[in-house]
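**Student:** After the sequence you'll find the predicted model.
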Amino acid sequence: MTTLNPLYQLAAEQRSAEVTDWSARISWVLGLAVFVAFVYWLMRQGWKWRASLQSGLPELATTPEGFAEGEELLTLTGRYHASTTAGQWLDRIVAHGLGTRSRVELTLTGQGLDVVRPGAADFFVPAAALREARLDKALAGKVLPEGGLLVITWAHGDQLIDSGFRSDHAAEHQAWVDTVNHLTSTTEGTAR
């Protein structure tokens with residue numbers, strides 16, 4: 001019975017549960033919240049800094065009078081993902097709201113491309129400023145399956161810009177590529 005006695009005594013000892021140190025726990029949670037807020041503040045400062053670097057970009061054109069009376073070549077509803085410097089798919093342009101993702105309604109006529117973005121700045125690209133359209137898979141951090149992104153290249157001031165769109169119906173993308181490229185080839189032909 002001597003071997004049971006020490007086990008019995010251990011089982012009979014009174015033990016209290018460890019008390020949680022609430023002040024230390026609250027300090028860690030507050031410290032983490034301050035760190036996360038600081039990181040978000042740094043990201044916001046980076047966004048503002050990028051916008052100030054791109055402040056030389058001219059104001060965006062607005063939809064001209066009588067645009068709605070023109071014959072619509074194509075329309076599209078979907079998502080606007082971003083605009084970047086042409087050929088540099090990660091160099092996002094944030095000036096004038098071009099870096100804001102949003103829903104989009106595109107209308108293409110012989111006058112140009114009307115970009116209506118609920119909750120963000122609308123803009124207009126004259127037909128003479130359109131350069132090309134293509135299907136791509138990535139733009140400004142948004143990566144989709146091959147051909148899942150409609151990218152329209154246009155001139156704004158002395159800079160070429162790639163703007164990325166994704167239709168609610170991806171089958172429409174190829175018609176947009178064909179029509180915009182046809183429109184730019186006829187516009188270039190009349191400009192010569």
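**Tutor:** Thanks, I have it.

**Student:** gap between Gln111 and Thr186?
**Tutor:** 13 Å (CB to CB, to the nearest Å). For every residue, glycine as well, the C-beta is placed using N, CA and C.

**Student:** got the residue ranges for the helices in the protein?
**Tutor:** 4-12, 22-53, 173-191 (DSSP state H).

**Student:** Gln174 - how many residues pack around it?
**Tutor:** Residues contacting Gln174 under the criterion other CB atoms under 10 Å number 13.

**Student:** what's the answer for Val116, then?
**Tutor:** 17.

**Student:** Return the set of residues that bridge with it.
**Tutor:** Glu105 (DSSP bridges).

**Student:** and the angle for the lengthiest strand in the chain with helix 173-191?
**Tutor:** Counting residues, the longest strand in the chain under DSSP state E turns out to be strand 72-85. Using axes from the mean of the first three to the mean of the last three CA atoms, to 10 degrees, the inter-axis angle of strand 72-85 relative to helix 173-191 is 90 degrees.

**Student:** by contact count, what packs against strand 72-85?
**Tutor:** When contacts are defined as 3 or more CB pairs under 8 Å, 6 or more residues apart in numbering; DSSP states H and E, strand 72-85 sits against strand 102-109, strand 138-139, strand 159-167, helix 173-191.

**Student:** what residue ranges in this protein score low on pLDDT?
**Tutor:** 1-17, 19, 187-192 (pLDDT under 70).

**Student:** Quick check: Val151 touching Lys137?
**Tutor:** No: under the criterion of CB atoms under 8 Å, Val151 makes no contact with Lys137, lying 9.7 Å away.

**Student:** Between the two, point out the one with more neighbours.
**Tutor:** Val151 (23 against 14).

**Student:** In contact with the more buried one, which residues are there?
**Tutor:** 133-136, 139, 162-165 (CB atoms under 8 Å, 6 or more residues apart in numbering).

**Student:** Please apply the same query to Thr63.
**Tutor:** Per CB under 8 Å, 6+ apart, neighbours of Thr63: 114, 122, 124.

**Student:** So which of those residues are in strands?
**Tutor:** 114, 124.

**Student:** Tabulate the contacts of Thr63 (a markdown table), appending neighbour count and distance to Glu146.
**Tutor:** Below are the contacts of Thr63 laid out as a markdown table (neighbours: other CB atoms under 10 Å; distance: CB to CB, whole Å):
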| residue | neighbour count | distance to Glu146 |
| --- | --- | --- |
| Asp114 | 23 | 28 |
| Asp122 | 16 | 30 |
| Phe124 | 18 | 30 |
